[in-house]
Every structure is written in C-alpha cells, then in structure tokens.
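Asker: Please find the sequence and the predicted model below.
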Amino acid sequence: MKFRPLHDRVLVKRIESEEKTKSGIIIPDTAKEKPQEGEVIAVGSGLRKEDGAVVPLDVKVGDRILFGKWSGTEIKIEGNEFLVMKESDIMGILAA
C-alpha cells in the first residue's frame with residue numbers, strides 16, 4: 001500500500017531514542033517518552049493559496065525533523081506506525 005499525503009501534510013516515521021543513557025543506565029519502556037524526532041517518508045504537493053497557486057513545502061523525503069510532543073495523528077500502514085502532520089507542526093530540519 002502506498003500513502004500520499006494531501007496539500008501541506010507530511011508522513012513521518014518516528015526515530016526511536018536510545019535505550020541507554022550516556023552513563024549506561026538502561027531506560028525501561030514505561031519511563032520512555034515518545035520521540036520528537038522523525039524522518040519524512042512522504043510529502044504532499046503543497047499549500048494552496050486563495051488565488052489557486054500552490055506553495056511547495058520546505059521539507060522533502062528523507063529529511064530528519066523535530067516536531068512537537070503532541071503533533072500529528074498516529075496511523076498504521078501495513079503494521080508500521082507513522083504520524084501524519086501539517087508542515088506547520090514541524091519545528092525544524094536537523095542538519096547532519
């Protein structure tokens with residue numbers, strides 16, 4: 001199954017955080033927070049302005065992004081969990 005977001009929406013896969021701290025302490029699943037970092041899997045065509053012009057999105061497939069803790073809607077596609085969110089929910093692109 002393929003999924004293509006519409007307009008200014010983005011499909012994101014969360015990037016899981018480390019299971020251990022830098023000092024070697026293992027963090028149990030119950031104490032972990034949901035990661036706020038993800039990879040863009042698919043993007044919509046862009047935001048449509050009132051005059052009909054389409055403004056392309058700033059993010060592209062493969063970008064690593066940072067987003068708000070409660071951003072997006074969780075969905076499952078073929079057993080994999082993803083988030084669908086508007087581009088405005090994205091705080092920034094992480095540089096390599």
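Answerer: Done, it's in. Numbers count the residues shown, from 1 in each chain.
Asker: Direction included, what does the helix or strand of the chain with the lowest mean pLDDT pair up with?
Answerer: Lowest mean confidence among the helices and strands of the chain (mean pLDDT, DSSP states H and E): strand 47-48, at a mean of 88. According to DSSP bridges, strand 47-48 has the following sheet partners: strand 54-55 (antiparallel).
Asker: Tell me the helix or strand right after the partner strand.
Answerer: Going down the chain from strand 54-55, the next helix or strand is strand 64-67, by DSSP states H and E.
Asker: How about the very next helix or strand once past that following strand, which residues are buried there?
Answerer: For strand 64-67, the succeeding helix or strand toward the C-terminus, using DSSP H and E, is strand 73-77. Within strand 73-77, no residue counts as buried by 16 or more other Cβ atoms under 10 Å. Backbone N, C-alpha and C define where each C-beta goes, glycine included.
Asker: Dump strand 73-77 to PDB, restricted to CA.
Answerer: Output in PDB follows, covering the C-alpha atoms of strand 73-77 (Å, rounded to 0.1, in the frame of the first residue of the first chain):
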ATOM      1  CA  THR A  73      -2.200  11.900  14.000                       C
ATOM      2  CA  GLU A  74      -0.900   8.400  14.600                       C
ATOM      3  CA  ILE A  75      -1.700   5.900  11.800                       C
ATOM      4  CA  LYS A  76      -0.700   2.300  11.000                       C
ATOM      5  CA  ILE A  77       0.100   1.300   7.500                       C
END
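Asker: quick one: contacts of that strand?
Answerer: 1, 3, 81-85 (Cβ atoms under 8 Å, 6 or more residues apart in numbering).
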